[in-house]
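> here's a sequence, model it:
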Amino acid sequence: MPRFFFGTARAGATHHISALRRAGVVVAVNLLVLLLLLIPLELIFGGWLGSERDISMLNVKPNTFNIESSPLYPTDVKILYRRDRYGLRGVFGDPRTVDVLVIGGSTTAERFIDERDTWTAQLQTLLDGHKCRRIIANAGIDGYSTIGHIASFDRWFSRIPGFKPRFVVVYVGVNDTAVSPGKVSDADSQKYSSQWRSFEHYVAGNSAVRKLFVSARGWWQAKQARLPHHEIRIKPDTVWEPAVLPATFAADALSKSAAYMDRLKQLNEHIRDFGSQPIYITQHRVDGRLVDGQWQQVVGSNGAKDNAMLDALNRTTLAFCHAMGESCMDLAGQVSFEPGDFYDAVHTTLAGSTRIAAYLADALSPIICDEANW
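Below is the predicted model of the structure:
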């Protein structure tokens, strides 16, 4: 005859439920402790206590003044890295005096270049030599793509008192190769459909934890696309290898180019609404090359695919300018860089920055020095 141990089964079930309850209490207590620890961190590092008109940028602190060493200069030389109270690089004092705003990523910010040697500072000096006195502000931010540039007009530039540059130079392309075609831009995210979406955006814009998450995510995406500083070192003795583009490259490039075109249209609208005239500059990278119709890349890199994708976006930039009647400078196609102009795949040395400034001084002066455009 079978035996049934109802009492034992009930006791086991009760013990299991008690264990789950204890585990739930432990989890709840730990979450509460974490919350209590996060509150002071959020108040100190978040934007909750600031004015609603405070500028909003990622990974950049206004009122920065650093004198430091740089791997691009001799060991006994210190460089000056400075941003003013509005987060801009350049020496100009009152933002009302700025004539030209330059937006871009790390290739514009030039973290390891002294403020007198950045290509934007050299460009201003060269224009002075053309008897064209134009004040240039550098708004480059490491990691910014067209998504960040679109958001900057609402969250950053519009919050700088009296800031109305006549021209906005857009040095763009490299970081957009790492943007997923399905990525929704920050401009779209501001079209709220409910009060909850507005509140959600407010929390996201002020939370220090979210900024940390976004920074970490951006770093990882940049690393995957081989964009961080010194990721792929370029030296005179760099070794190259033959490479073949992936079978899916054409479809991927078409998809990314279409999404990039849409973001360019949004960015252009923001620049025009800001009262400025946009000028687009294509970008160059040096870890891949075409030799007699065959791709080569730096050993250990994905330079062939990365360069081919940037070429596709550069063509999109030029096509966009042609279709919209905007100004484009094909730096990527017209400047012959030399060995030693880049210290990694995308970032220039002082020599490379000097070459960029010289090209742009000649290419831009007919536009920004023409009094008819003022």
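> could you list the domains of this protein?
Split into domains by automatic domain parsing, the chain comes to 1-45, 56-373.
> tell me which element the closest residue to Cys321 other than its chain neighbours is part of?
Excluding the flanking residues, the one nearest Cys321 by Cβ to Cβ, 6 or more residues apart in numbering is Cys328, at 3.6 Å. Every C-beta, even on glycine, is put in place using the N, C-alpha and C of the backbone. If you go by DSSP states H and E, Cys328 is part of strand 327-329.
> that strand: partners in the sheet, and parallel or antiparallel?
Strand 327-329 pairs in its sheet with strand 277-281 (parallel), by DSSP bridges.
> could you point out which element follows the strand it pairs with?
Remark: after strand 277-281, the chain's next helix or strand is strand 288-291, criterion DSSP H and E.
> and that following strand, what other elements does it pack with?
Judged by 3 or more Cβ pairs under 8 Å, 6 or more residues apart in numbering; DSSP states H and E, the packing partners of strand 288-291 are strand 294-298, helix 303-324.
> how far does the longest one sit from its chain's centre?
For helix 303-324, the distance between its averaged C-alpha position and the chain's averaged C-alpha position is 17 Å (Cα atoms, centre = their mean, to the nearest Å).
> which parts of that helix are buried?
By 16 or more other Cβ atoms under 10 Å, the buried positions in helix 303-324 come out as 303-318, 320-321.
> most tightly surrounded among the domains of the chain?
Highest mean neighbour count among the domains of the chain (mean count of other Cβ atoms under 10 Å): domain 56-373, with a mean of 18.
> quote the end-to-end distance of it.
End-to-end distance of domain 56-373: 31 Å, with Cα to Cα, to the nearest Å as the criterion.
> got the contact list for the closest residue to Gln297 other than its chain neighbours?
The shortest distance from Gln297 to any non-neighbouring residue, by Cβ to Cβ, 6+ apart, is to Gly303 (3.4 Å). Neighbour list for Gly303: Arg226, Ile232, Ala243, Arg285, Asp287, Gly288, Arg289, Gln296, Gln297, Ala345 [criterion: Cβ atoms under 8 Å, 6 or more residues apart in numbering].
> repeat the analysis, applying 6 Å as the threshold.
Contact partners of Gly303, counting by Cβ atoms under 6 Å, 6 or more residues apart in numbering, are Asp287, Gly288, Gln297.
> in a markdown table, list these along with distance to Tyr81.
Listed next are these as a markdown table, based on distance: Cβ to Cβ, whole Å:
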| residue | distance to Tyr81 |
| --- | --- |
| Asp287 | 26 |
| Gly288 | 30 |
| Gln297 | 32 |
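> out of those residues, which is nearest to Phe65?
Asp287 (33.7 Å; Cβ to Cβ).
> next one, pLDDT for the closest residue to the closest one other than its chain neighbours please.
Nearest residue to Asp287 in three dimensions, chain neighbours excluded: Gly303, at 3.2 Å (Cβ to Cβ, 6+ apart). Reported pLDDT at Gly303 in the predicted model: 94.
> Leu31 - that's part of a helix, no?
Yes. Secondary structure of Leu31 (DSSP: H, G, I helix; E, B strand; the rest coil): part of a helix.
> that one and Ala19, how far apart?
As judged by Cβ to Cβ, to the nearest Å, Leu31 and Ala19 stand 19 Å apart.
> same thing with Val91?
66 Å.
> just Thr64 next, same as before
Plainly put, Thr64 is 52 Å away from Ala19 if you go by Cβ to Cβ.
> quick revisit: among the helices and strands packed on strand 288-291, which is nearest Ser276?
helix 303-324 (14.5 Å).
> keeping just the C-alphas, turn that closest one into CSV.
Only the C-alpha atoms of helix 303-324 are listed here, as CSV (Å, rounded to 0.1, in the frame of the first residue of the first chain):
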residue,chain,number,x,y,z
GLY,A,303,41.1,49.0,-41.1
ALA,A,304,39.8,47.9,-44.5
LYS,A,305,36.2,47.7,-43.4
ASP,A,306,36.4,50.8,-41.2
ASN,A,307,37.9,52.9,-43.9
ALA,A,308,35.5,51.6,-46.5
MET,A,309,32.6,52.5,-44.2
LEU,A,310,33.9,56.0,-43.6
ASP,A,311,34.3,56.4,-47.3
ALA,A,312,30.7,55.5,-47.7
LEU,A,313,29.6,58.1,-45.1
ASN,A,314,31.9,60.7,-46.7
ARG,A,315,30.2,60.2,-50.0
THR,A,316,26.9,60.5,-48.2
THR,A,317,28.0,63.8,-46.7
LEU,A,318,29.0,65.2,-50.1
ALA,A,319,25.7,63.9,-51.7
PHE,A,320,23.8,65.6,-48.9
CYS,A,321,25.5,68.9,-49.4
HIS,A,322,24.9,68.7,-53.2
ALA,A,323,21.2,67.9,-52.7
MET,A,324,20.6,70.6,-50.0
